[in-house]
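K.L.:
here is my input; please provide its structure:
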Amino acid sequence: MNPPPLPRRKNGFWPFLRSAGRGINIVRLVIINLIFFPLLLIFLLFLVAGTFGSRSSRILQSDSVLVLKPRGQLVEQYSADPLQRTLAGLSGDEQKQVQVRDLISAVDAAASDKRITRILLLPDELQGGGFAALREVGAALDHFRAAGKPVIVWAANLDQGQYYLAAHADRVLVDPQGGVMITGLANYRLFYKDLLDKLGVDVHLFRVGQFKSAAEPYILDHASPESKQADGYWMGGLWDSYLDETARLRKIDPAALRADIDNLPQNIASTQGNLAQLALNEHLIDGLATPDELISMMRKEGVPAGRGGQGFRQVDLPRYAAVASSGVELFKPGVTVVVAEGEIAGGKASPGSIGGESTAALIRDAREDRKTKALVLRVNSPGGEVYAAEQIRREVELTREAGIPVVVSMGDVAASGGYWISMNANRIFAEPNTITGSIGIFGMYYSVPNTLAKLGVQSDGIATGPMAGAFDITRPLDPKVGDVIQAIIDKGYRDFVGGVAKARGKDYASIDAIAQGRVWTGQQALDRGLVDQLGGFGDAVADAANLAHLQDGFPVRYEEAPMGGFTRFLMGLNQSASMQVLQSWGVRLPGWVAQIPAMAPELQLLRNAQAGKPNVYADCLCSPR
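P.N.:
Numbering: from 1, shown residues only. Have a look, this model is predicted:
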């Protein structure tokens with residue numbers, strides 16, 4: 001028997017539309033599910049977090065140790081946007097940045113928290129962070145110790161930045177196989193002139209300031225004598241401050257500490273290469289301990305055992321912050337803080353950098369908020385584009401004219417353009433080891449006719465006048481055009497120096513004598529009248545409140561770019577104590593959500609440079625390593 005014939009496929013327009021519709025529907029369902037199921041997972045996490053919310057107090061028990069293990073860079077403001085950070089946190093990815101304010105607020109809260117008996121600081125993975133920021137965290141540790149609670153540091157190895165923070169502890173312990181490596185400060189840069197010559201790129205530098213050396217890598221193959229002279233002075237001051245403070249904290253002689261550091265190659269022979277033993281001999285540390293010995297020490301000193309009888313009772317920074325954080329009063333007048341961190345560029349900038357438009361808008365928003373009675377501008381910037389810096393400075397000036405006092409708190413670096421945006425504040429605070437000054441200006445212009453010639457390409461044509469096509473990068477720069485650019489740079493320098501002189505109540509000549517692009521430490525800047533007082537962020541906030549006649553208990557708010565409702569929801573979920581419980585049980589989102597870029601400092605100048613026009617900067621590449 002023959003099988004029945006197969007149905008004949010219908011051809012035509014309407015069957016085609018039905019088939020296309022089914023395909024589109026399948027694609028629609030796939031897309032909806034890709035969006036729906038992650039959102040459902042987040043929603044379920046939220047429900048579970050709420051279920052366990054009443055149990056969140058179990059995160060923090062009495063007789064707990066606050067364990068601080070900062071990972072990555074110590075920053076004033078995260079460079080990743082809030083949504084990226086939140087998704088990374090929900091997926092369990094550890095952030096590679098730690099905000100100074102988060103560390104300090106946790107330590108301050110723990111000082112009066114009866115459930116916290118001590119702090120254990122594990123600084124091995126702390127990368128970078130200038131001395132000014134480390135000094136502020138150290139001051140918080142000193143406040144914790146003043147409350148009668150000990151601070152203990154343990155590390156496998158400590159570099160000089162980590163040790164600068166560790167020196168604030170009651171006890172510093174390192175692993176027997178580790179050590180302490182303190183070498184001093186250096187500021188070596190890469191120089192690109194030979195490379196640019198080989199490529200045929202002509203770099204034209206226009207500057208004012210004998211010591212304005214930020215762009216030297218593009219026109220020289222070595223550091224100039226003036227650059228070395230100026231760098232040696234401020235770096236020497238920075239290093240003297242490091243030695244004096246570290247020696248005071250460790251109760252050793254600064255001269256002996258300097259000698260031990262400089263004579264490391266000879267001294268290490270006395271311990272047959274054992275850095276840990278050498279650090280103990282030189283009184284840099286108080287003892288040697290393995291991780292197991294550290295746990296035993298904690299238990300012997302009365303710290304209860306941890307979960308399941310293992311380790312010791314502890315709470316880490318994220319969990320403690322979730323439990324101890326107190327909300328800011330929404331309607332009470334107080335001090336508003338705007339953070340200006342990173343390179344200054346035109347337009348709008350992402351978090352962790354400064355945009356002329358975006359940072360100016362933050363200051364404007366703070367000024368127009370009725371709750372703002374005083375403004376603190378926290379500056380951690382080497383500078384950048386002049387016009388962008390001027391946009392921000394104008395908003396500072398307008399804020400003062402509106403009757404709102406402005407106080408600047410300088411972080412690790414507030415130099416060149418960083419000083420430009422600071423100069424019109426009512427008061428300027430800096431740490432002794434802040435890097436500031438660098439009052440100078442320069443411009444760069446690039447042309448590539450020789451590069452094209454190497455490729456066998458030539459540029460030719462006509463123009464309607466001597467200035468037409470003057471900034472065509474395929475043509476050599478006319479010396480007369482160079483004179484025009486230099487005149488613009490000269491005017492910018494006069495504006496900078498004149499503005500500082502007016503703001504500081506001095507004459508032009510006296511500021512010009514200490515400007516010239518020269519860098520100073522915070523202490524050196526105070527001696528020369530460029531800042532008003534040495535002190536940290538807390539001192540600046542207190543001074544701003546005093547200028548605004550605020551009573552005790554005033555709130556401190558951060559003015560930041562607004563977030564969408566969904567982002568706020570996720571951040572609240574990520575920062576909740578309940579979510580910390582869930583994550584400790586291994587409940588988290590898949591870990592495919594965060595990426596971090598990086599860039600060499602000398603090349604930051606080129607990131608926002610525009611071809612075919614002079615790029616004018618007030619910038620300072622002045623961060624020692």
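K.L.:
any idea how far the helix or strand hosting Gln277 is from the middle of the chain?
P.N.:
With elements delineated by DSSP states H and E, Gln277 resides in helix 275-281, which encompasses its position. How far helix 275-281 lies from its chain's middle: 33 Å, per CA atoms, centre = their mean, to the nearest Å.
K.L.:
what are the buried residues along it?
P.N.:
Going by neighbour count (16 or more other CB atoms under 10 Å), the buried part of helix 275-281 is Leu275, Ala276, Gln277, Leu278, Ala279, Leu280. For the C-beta atoms, the positions are set from N, CA and C on the backbone; glycine is no exception.
K.L.:
so which elements touch it?
P.N.:
For helix 275-281, the helices and strands in contact under the criterion 3 or more CB pairs under 8 Å, 6 or more residues apart in numbering; DSSP states H and E are strand 171-181, strand 287-288.
K.L.:
below-threshold pLDDT in the stretch 401-550 of the chain: ranges please.
P.N.:
Along the stretch 401-550 of the chain, no part satisfies pLDDT under 70.
K.L.:
repeat that for the stretch 51-200 of the chain.
P.N.:
Residue ranges of the stretch 51-200 of the chain with pLDDT under 70: 51-59, 80-95.
K.L.:
what about the helices in it?
P.N.:
Using DSSP state H, counting those that start in this stretch, the helices of the stretch 51-200 of the chain run over residues 82-90, 100-111, 131-146, 160-166, 193-199.
K.L.:
show me which of the buried residues of helix 275-281 is closest to Glu329.
P.N.:
Checking these against Glu329 by CB to CB gives Ala279 as the nearest, at 46.9 Å.
K.L.:
now the helix holding Gln277 - C-alpha only, PDB.
P.N.:
Output for helix 275-281, consisting of C-alpha atoms alone and laid out as PDB, is shown next (Å, rounded to 0.1, in the frame of the first residue of the first chain):
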ATOM      1  CA  LEU A 275      63.700  40.900  54.800                       C
ATOM      2  CA  ALA A 276      61.300  40.000  57.600                       C
ATOM      3  CA  GLN A 277      64.000  39.600  60.200                       C
ATOM      4  CA  LEU A 278      65.700  42.800  58.900                       C
ATOM      5  CA  ALA A 279      62.500  44.700  59.400                       C
ATOM      6  CA  LEU A 280      62.200  43.300  63.000                       C
ATOM      7  CA  ASN A 281      65.900  44.200  63.700                       C
END
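K.L.:
that older thread, need the winner for burial among the helices of the stretch 51-200 of the chain.
P.N.:
For the helices of the stretch 51-200 of the chain, average neighbour numbers computed from mean count of other CB atoms under 10 Å are highest in helix 160-166, which has a mean of 24.
K.L.:
as PDB, could you dump the C-alpha coordinates of that helix?
P.N.:
Once side chains and other backbone atoms are set aside, the C-alpha atoms of helix 160-166 remain, and they are given as PDB (Å, rounded to 0.1, in the frame of the first residue of the first chain):
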ATOM      1  CA  GLN A 160      56.300  52.000  51.500                       C
ATOM      2  CA  GLY A 161      52.800  53.200  50.800                       C
ATOM      3  CA  GLN A 162      51.200  50.300  52.700                       C
ATOM      4  CA  TYR A 163      53.800  50.700  55.500                       C
ATOM      5  CA  TYR A 164      53.000  54.400  55.800                       C
ATOM      6  CA  LEU A 165      49.400  53.400  56.800                       C
ATOM      7  CA  ALA A 166      50.600  50.400  58.800                       C
END
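K.L.:
show me what it is packed up against.
P.N.:
Helix 160-166 sits against helix 131-146, strand 151-159, strand 171-181, helix 225-250, with contacts defined as 3+ CB pairs under 8 Å, 6+ apart.
K.L.:
turn the ones you listed into a markdown table, including distance to Arg393.
P.N.:
Conversion of these to a markdown table gives the following (distance: least, CB to CB, whole Å):
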| stretch | distance to Arg393 |
| --- | --- |
| helix 131-146 | 22 |
| strand 151-159 | 36 |
| strand 171-181 | 41 |
| helix 225-250 | 24 |
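K.L.:
closest one to Leu377 among the ones you listed?
P.N.:
Distances from Leu377 to each of the helices and strands packed on helix 160-166 were compared by CB to CB, and the smallest falls on helix 131-146, at 15.3 Å.
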